[in-house]
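A.B. asks: Structural data only, the sequence is not supplied:
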């Protein structure tokens, strides 16, 4: 690569199991690539996990490299809820932070309200009779 060429962006894709089970270890993975090639030498890969509305109580878990650009952590969820998973990937002088939202367990309509109304904090239902 010449000095004038800009390095291709590092991409990170969060891979989650089809079903997250409560009170059992679940494997959460992130696939790291650059220019279509796996990145097996990321300096730092961490998963930040928090329940909706509790970002200040987020948990950071360092990921281990498995193979083919895949890094993973084991996480046991103990409560139903809406969770956010954000990976912090530092590789080849770049930092990317993709984020995913997931629903764990059975939730009531009230619990799902934030998903349906992104502006739920300011949302009040109006009824006209």
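C.D. replies: Alright, I've got the coordinates. This one's a predicted model, so the numbers in the text were calculated from it and none came from an experiment.

A.B. asks: what does the model give the closest residue in space to residue 105 that isn't next to it in sequence for pLDDT?
C.D. replies: In space, residue 105 comes closest to residue 80 once its chain neighbours are excluded; the distance is 3.0 Å by C-beta to C-beta, 6 or more residues apart in numbering. (Each C-beta comes from the backbone N, C-alpha and C, glycine too.) Model confidence at residue 80, expressed as pLDDT, equals 91.

A.B. asks: Please apply the same query to the one 3 residues further on.
C.D. replies: In the predicted model, residue 83 carries a pLDDT score of 94.

A.B. asks: Residue 122 now?
C.D. replies: As summarised for this prediction, residue 122 has a pLDDT of 41.

A.B. asks: Start at 892, not 1
C.D. replies: Let's use 892 as the start, then, which means that last one is residue 1013.

A.B. asks: Surely the residue nearest to residue 996 is in contact with residue 997?
C.D. replies: Yes. The pair formed by residue 971 and residue 997 meets the contact definition of C-beta atoms under 8 Å, at 6.1 Å.

A.B. asks: Compare the two (neighbour count), which wins?
C.D. replies: Under the neighbour definition other C-beta atoms under 10 Å, residue 971 and residue 997 were set side by side, and residue 971 has more, 15 against 8.

A.B. asks: What residues does residue 955 make contact with?
C.D. replies: Residues touching residue 955, when contacts are defined by C-beta atoms under 8 Å, 6 or more residues apart in numbering, comprise 962-964.

A.B. asks: ok, now how distant is the residue nearest to residue 996 from residue 912?
C.D. replies: For residue 971, the distance to residue 912 under the criterion C-beta to C-beta, to the nearest Å works out to 12 Å.

A.B. asks: What about residue 954, how many residues nearby?
C.D. replies: When neighbours are counted by other C-beta under 10 Å, residue 954 comes out with 22.

A.B. asks: In contact with it, which residues are there?
C.D. replies: By C-beta under 8 Å, 6+ apart, the neighbours of residue 954 are 921, 936-938, 962-964, 978.

A.B. asks: what's the farthest-apart pair in the residues you listed?
C.D. replies: Spatially, the most separated pair among the contacts of residue 954 is 937 and 963, at 11.8 Å (C-beta to C-beta).
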